[in-house]
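> for reference, the sequence and a predicted model appear below.
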Amino acid sequence: MERAARRHGYALLIAASLEGGPESLVAKVAGRVDGFAVLARTVPTEDLEVISNRLPIVMLAGPREIDHLDHIVVANADGERALARHVIEDHGLRRLAFVAGGVESPDAEARFSGFREACRDAGLPVPDAPDVRVGMMTQAEGAWAAEALLDRAGERPEAMLFANDQMAVGALRALERRGVRVPEDIAVTGFDGIPLGRIVRPALTTVRQPIRQLGEQAVELLVRRLGDSGRAPVSLMLPVSLVRRASCGCG
């Protein structure tokens, strides 16, 4: 976003903390910026409606909750469906466990939806809820989730599919501590395509998001909206790509 903004002669202000509430944050900067790129569900819809009367807004991720705003999302469900299908069809794994974030994370929920579709397509039981939910989707929580799946009653899963790479990396370390071989005993996958996934051992099978394109497109939509406030709202879905590595048994 910063590179794209600079090309158009704009500076980028990043507000990553919501201490004091999103309302106070937005109030502080609304009079000093030309437009907003807002992550889904971080600012109340009613506040966005008010701000959008005088400033362009592009929404990033999540469902399109405000029809008249520009909106960009990546193909989360499609990516997770392709990943789960790969694990099922190419590796013959049937006992799958999905680890998600909180229900307030639209990306994680879309990924779980894609997982459910892959299970349905393969004739496997379709879960109503993820096997484990965590709050922040960190490495520490991924490690905790992996331990919880190992310790629960019944057969161990043949694959653990995590809603992001950070959790999957934490799970790899937890499984190694427990003497569980990846992918021989349990396959592990993530989602996002962060650089760390290439470095860990075994390297992490994942779905790569077009992060650079997401940022660039957000700026382009804001600049176009500044130039023509009456143009029809745009909704973009950016494609993702499956990255097969050793943690699922590839490569």
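Nice, thanks for sending it over.
> could you find the closest non-adjacent residue to residue 104?
Of all residues not flanking residue 104 in the chain, residue 41 sits nearest, at 5.9 Å (C-beta to C-beta, 6 or more residues apart in numbering). Heads up, the C-betas are built off the backbone N, CA and C, glycines and all.
> now the one you found: how far from residue 238?
19 Å (C-beta to C-beta, to the nearest Å).
> in the stretch 151-251 of the chain, which spans are strands?
Using DSSP state E, counting those that start in this stretch, the strands of the stretch 151-251 of the chain run over residues 159-162, 187-189, 206-208, 235-238, 241-243.
> winner for burial among those?
Mean neighbour count (mean count of other C-beta atoms under 10 Å) peaks for strand 159-162 among those, with a mean of 29.
> so what are the sheet partners of that strand and their directions?
With DSSP bridges as the test, strand 159-162 is paired with strand 96-100 (parallel), strand 187-189 (parallel).
> would JSON lines of those strands with mean pLDDT and distance to residue 11 be doable?
Shown next, in JSON lines, are the strands paired with strand 159-162 (pLDDT from 0 to 100; distance: least, C-beta to C-beta, whole Å):
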{"stretch": "strand 96-100", "mean pLDDT": "98", "distance to residue 11": "36"}
{"stretch": "strand 187-189", "mean pLDDT": "98", "distance to residue 11": "38"}
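> right, and the ones you listed - which one's nearest residue 130?
strand 96-100 (3.8 Å; C-beta to C-beta).
> low-scoring stretches of the protein, by residue?
Along the chain, segments meeting pLDDT under 70 span 16-30.
> host element of the spatially most central residue of it?
Residue closest to the average C-alpha location in the chain (C-alpha atoms, centre = their mean): residue 107, at 4.4 Å. Per DSSP states H and E, residue 107 falls inside helix 106-121.
> whichever helix or strand comes after that helix: partners in the sheet, and parallel or antiparallel?
With elements assigned by DSSP H and E, the helix or strand that comes after helix 106-121 is strand 132-133. Here strand 132-133 has these sheet partners by DSSP bridges: strand 96-100 (parallel).
> what angle sits between the strand it pairs with and helix 106-121?
160 degrees (axes from the mean of the first three to the mean of the last three C-alpha atoms, to 10 degrees).
> C-alpha coordinates for strand 96-100, CSV please?
Taking C-alpha atoms only, strand 96-100 is exported to CSV below (Å, rounded to 0.1, in the frame of the first residue of the first chain):
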residue,chain,number,x,y,z
LEU,A,96,-8.9,-34.3,9.2
ALA,A,97,-8.9,-31.7,12.0
PHE,A,98,-9.4,-28.0,11.3
VAL,A,99,-8.1,-25.3,13.7
ALA,A,100,-9.8,-21.9,13.3
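> now do the buried residues in that strand.
Buried residues in strand 96-100, counting neighbours by 16 or more other C-beta atoms under 10 Å, are found at 96, 97, 98, 99, 100.
> these two touch, right, residue 63 and residue 106?
Yes. Using C-beta atoms under 8 Å, residue 63 makes contact with residue 106 at a distance of 6.2 Å.
> pick out whichever of those two has more residues nearby.
Counted by other C-beta atoms under 10 Å, residue 63 and residue 106 do not tie: residue 106 has more neighbours, with 18 against 12.
> for the more buried one, give me its contacts.
Counting by C-beta atoms under 8 Å, 6 or more residues apart in numbering, residue 106 touches 40, 41, 61, 62, 63.
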